[in-house]
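Asks: just the structure for this:
(one chain, ligands or ions: 2)
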Amino acid sequence: MAKKKVQTIFKCSNCGYTQPRWMGRCPECNEWNTLEECTIDKNANTPVFGGNGNFAVTKAKPIPLSKVDPMNGTRILTGISEFDRVLGGGAMKRSAILIGGEPGIGKSTLLLQTVATLTANGIKGHILYVSGEESASQIRARADRLNLNCNNIEILCTTRLEDVEDALNALNPIFTVIDSIQTMFSIEAGSVPATVNQLKYCAQQLISWIKERDAVMCMSAHITKEGSIAGPKSLEHMVDTVISFERNTDEIRFLRALKNRFGSIDELGLFAMGEKGLSIVEDPSTLFITRREGTIPAGIAIVPVFEGSRVFMVEIQALTVPAKASFTHVYSEKIDSSRVSRIAAVIEKRAGIKFSDQDIYINVAGGFKLTESAIDAGLAAALYSARTNIALNAKIAVVGEISLAGEIRPVTKLKQRVKAAQILGFETVVCPDTGSHCTKVQNIKELVKQIF
Ligand code: TYD
Ligand code: MG
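Replies: Ligands and ions are numbered 1, 2, ... in the order given. Okay, here's the model as predicted:
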């Protein structure tokens with residue numbers, strides 16, 4: 001019997017997931033009514049979508065892996081150290097980077113500063129900045145206000161994808177900015193702008209172009225109220241790197257990778273937005289401690305935490321008040337409330353301080369989210385201090401994981417944490433190990449005895 005060449009599949013228009021039968025709800029992204037029927041001809045050179053939303057247009061053949069060029073040293077350093085850090089040591093050539101963030105967060109500013117830094121550092125090749133949102137004179141005015149070097153930056157203000165493709169083919173730029181991908185439009189993808197199809201088609205055309213070139217493309221994207229990139233989820237699958245630009249405080253901005261094919265997603269980039277645009281934060285390790293003269297109030301403990309490869313000193317604030325209702329509540333956004341309840345229960349059982357009739361409020365200065373288990377001991381110190389109204393010594397930092405039995409357990413990279421605290425003037429770190437600038441504690445009782 002002849003082999004069947006044409007196959008019918010159902011593909012989700014949101015996330016690109018494919019499966020053989022129709023369903024009302026996509027099992028991958030849980031969106032309703034997004035599975036659409038499509039046929040694929042196994043032998044044709046027409047686009048065949050894979051599960052990740054990418055497609056192959058030509059038949060491919062296997063080659064020996066040992067003969068493949070490993071593309072060593074094919075990153076472009078943007079020259080903006082915090083951006084390079086989040087990218088995993090610069091932008092990989094042949095890659096597409098998506099930078100998502102709410103309007104006004106500073107995406108256009110970051111991208112303009114990036115291309116200006118590239119030219120200032122003498123990058124060889126053209127740089128193309130495509131804007132579908134601002135006029136050329138607005139961009140020039142911004143560049144002048146920020147004292148940026150505009151030499152060798154080609155600017156193209158359009159929303160027509162075909163104009164962008166012409167410019168790409170004419171200039172063959174080494175670095176291209178698309179600001180933003182959501183403004184791009186092609187008649188090939190239907191006559192209605194800003195549809196899911198438009199977005200996917202335009203992104204796919206641009207990504208296909210960059211995949212064939214030793215160059216980098218950065219696309220900005222708006223995010224929805226819920227915080228995800230506006231448009232289909234498959235847009236995130238199509239690009240190599242997804243970076244989120246977030247507001248921390250009014251001035252401080254966080255840059256973090258949500259996905260990175262060429263690096264870790266643990267690194268955090270920090271910027272301050274000021275009159276001269278985005279700048280590097282001078283002393284980031286103390287950014288999350290409120291600076292005070294003399295003593296610190298009760299309920300506060302300082303913890304050395306790791307974020308990517310850097311240590312930050314972070315202030316945990318606790319407040320306990322008698323419960324207003326017959327049941328108690330933990331109000332904690334920056335530290336998981338189940339962790340707070342667990343540590344409070346351990347103190348109650350092992351150190352004899354009652355929390356079970358108290359409402360607990362926990363905050364972290366600077367709006368930092370803490371997920372490391374190494375914060376347990378600091379959290380315990382803040383809770384104990386809040387409940388007893390006895391303040392910690394301002395020169396003490398605390399770190400350690402706490403078991404349900406009340407033991408203080410070792411944490412990763414303790415030496416680096418202690419070193420960071422020492423540099424910033426902390427006299428000792430209460431922790432589960434001995435060493436210079438360390439005060440060893442083995443359980444919660446010893447911790448209380450040493451600190452209070
Ligand atoms: P922008 O880069 O246009 O944001 P996005 O592209 O993400 O929408 O940034 C606009 C905001 O940044 C605007 O609120 C003004 C502020 N800003 C400054 O505070 N200082 C500056 O030097 C610049 C250029 C912008
Ligand atoms: Mg913008």
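
Asks: per-residue pLDDT of G274, please?
Replies: The model reports G274 with a pLDDT of 91.

Asks: tell me which residues touch it, please.
Replies: E251 (Cβ atoms under 8 Å, 6 or more residues apart in numbering). Where C-beta positions appear, they are placed from N, C-alpha and C, glycine not excepted.

Asks: quick one, longest strand in this structure?
Replies: Counting residues, the longest strand found in the chain (DSSP state E) is strand 310-322.

Asks: and that one, what's buried?
Replies: V311, F312, M313, V314, E315, I316, Q317, A318, L319, T320 (16 or more other Cβ atoms under 10 Å).

Asks: ok, now stretch 188-205?
Replies: Here stretch 188-205 shows A189, Q198, L199, K200, Y201, C202, A203, Q204, Q205 as buried, counting by 16+ other Cβ under 10 Å.

Asks: export that stretch to PDB, keeping only CA atoms.
Replies: Output of stretch 188-205 as PDB, limited to C-alpha atoms (Å, rounded to 0.1, in the frame of the first residue of the first chain):
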ATOM      1  CA  GLU A 188       0.900  38.700   3.200                       C
ATOM      2  CA  ALA A 189      -0.600  37.900   6.600                       C
ATOM      3  CA  GLY A 190      -4.100  39.400   5.900                       C
ATOM      4  CA  SER A 191      -5.400  42.900   5.700                       C
ATOM      5  CA  VAL A 192      -6.100  43.400   9.400                       C
ATOM      6  CA  PRO A 193      -3.200  44.800  11.500                       C
ATOM      7  CA  ALA A 194      -2.200  43.700  14.900                       C
ATOM      8  CA  THR A 195      -3.700  40.200  14.700                       C
ATOM      9  CA  VAL A 196      -2.100  37.100  16.100                       C
ATOM     10  CA  ASN A 197      -1.400  35.900  12.500                       C
ATOM     11  CA  GLN A 198       0.300  39.300  11.600                       C
ATOM     12  CA  LEU A 199       2.500  39.100  14.700                       C
ATOM     13  CA  LYS A 200       3.500  35.500  14.100                       C
ATOM     14  CA  TYR A 201       4.100  36.000  10.400                       C
ATOM     15  CA  CYS A 202       6.200  39.200  10.800                       C
ATOM     16  CA  ALA A 203       8.300  37.600  13.600                       C
ATOM     17  CA  GLN A 204       8.800  34.500  11.600                       C
ATOM     18  CA  GLN A 205      10.000  36.300   8.500                       C
END
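
Asks: hmm, who's touching that stretch?
Replies: Outside stretch 188-205, the residues touching it (Cβ under 8 Å, 6+ apart) are 13-14, 53, 55, 96, 159, 161, 165, 181-182, 184-186, 219, 231-232, 234-235, 238-239.

Asks: how far is that stretch from where the chain is centred?
Replies: 26 Å (Cα atoms, centre = their mean, to the nearest Å).

Asks: same thing with stretch 339-351?
Replies: 32 Å.

Asks: same check, this time on stretch 20-30
Replies: 28 Å.

Asks: which ones are touching E212?
Replies: R94.

Asks: quick one: end-to-end distance for stretch 154-164.
Replies: One end of stretch 154-164 to the other measures 12 Å (Cα to Cα, to the nearest Å).

Asks: pull out the buried residues from that stretch.
Replies: I155, L156, C157, T158, T159, L161, V164.

Asks: looking at the buried residues of strand 310-322, which is nearest ligand 1?
Replies: F312 (24.0 Å; Cβ to the nearest ligand atom).

Asks: beta partners for the closest one?
Replies: On the basis of DSSP bridges, F312 is bridged to V305.

Asks: so which of the buried residues of stretch 154-164 are in strands?
Replies: I155, L156, C157.

Asks: in this structure the last one contacts S131, no?
Replies: So the one you mean is C157. Yes - between C157 and S131 there is a contact at 5.1 Å, judged by Cβ atoms under 8 Å.

Asks: and for these two, which residues touch both?
Replies: I139.

Asks: okay, the longest strand of the chain in CSV with CA atoms only?
Replies: The C-alpha trace of strand 310-322 is given here as CSV (Å, rounded to 0.1, in the frame of the first residue of the first chain):
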residue,chain,number,x,y,z
ARG,A,310,26.2,38.1,42.6
VAL,A,311,25.6,38.5,46.3
PHE,A,312,23.1,41.2,47.5
MET,A,313,22.6,42.2,51.1
VAL,A,314,18.8,42.2,51.5
GLU,A,315,16.7,43.4,54.3
ILE,A,316,13.8,41.2,55.6
GLN,A,317,11.2,43.1,57.6
ALA,A,318,8.7,41.4,59.9
LEU,A,319,5.8,42.6,61.9
THR,A,320,3.5,40.6,64.2
VAL,A,321,0.3,41.8,65.7
PRO,A,322,-2.4,40.0,67.6
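
Asks: any idea of the mean pLDDT in it?
Replies: Rounded mean pLDDT across strand 310-322 is 93.

Asks: so how far is that strand from its chain's centroid?
Replies: Counting by Cα atoms, centre = their mean, strand 310-322 comes out at 22 Å from the chain centroid.

Asks: mind listing the helices for the stretch 101-250 of the chain?
Replies: 107-120, 136-145, 161-171, 196-211, 234-238 (DSSP state H, counting those that start in this stretch).

Asks: ranking helices and strands of the chain by mean pLDDT, which lands last?
Replies: strand 48-49 (a mean of 44; mean pLDDT, DSSP states H and E).

Asks: for the stretch 151-300 of the chain, what lies in contact range of ligand 1?
Replies: M273, E275, K276, G277 (Cβ under 6 Å from any ligand atom).

Asks: just the buried ones from these?
Replies: M273, G277.

Asks: among the residues of the stretch 151-300 of the chain next to ligand 1, which are in helices?
Replies: Under the assignment DSSP state H, these contribute nothing to helices.

Asks: now intersect the residues of the stretch 151-300 of the chain next to ligand 1 with the strands, please.
Replies: Filtering these for strands - DSSP E - leaves M273, G277.

Asks: my guess is A344 meets K354, correct?
Replies: No - counting by Cβ under 8 Å, A344 does not reach K354; the two are 9.6 Å apart.

Asks: the two: which is more packed in?
Replies: A344 (26 against 11; other Cβ atoms under 10 Å).

Asks: helix/strand/coil for that one?
Replies: With DSSP: H, G, I helix; E, B strand; the rest coil as the basis, A344 sits in helix.

Asks: the closest residue to Y331 other than its chain neighbours and V303: what is the separation?
Replies: Among residues not flanking Y331 along the chain, Y361 sits closest, at 4.8 Å (Cβ to Cβ, 6 or more residues apart in numbering). The gap separating Y361 from V303 is 17 Å, by Cβ to Cβ, to the nearest Å.

Asks: compare those two (neighbour count), which wins?
Replies: V303 (29 against 17).

Asks: which ones are touching the residue most central in space within the chain?
Replies: In the chain, the residue lying closest to the centroid (Cα atoms, centre = their mean) is R256, at 2.4 Å. By Cβ under 8 Å, 6+ apart, the contact set of R256 is V86, I243, S244, E246, I265, E267, L268, G269.

Asks: could you chop the chain up by domain?
Replies: 7-62, 75-282, 300-451 (automatic domain parsing).
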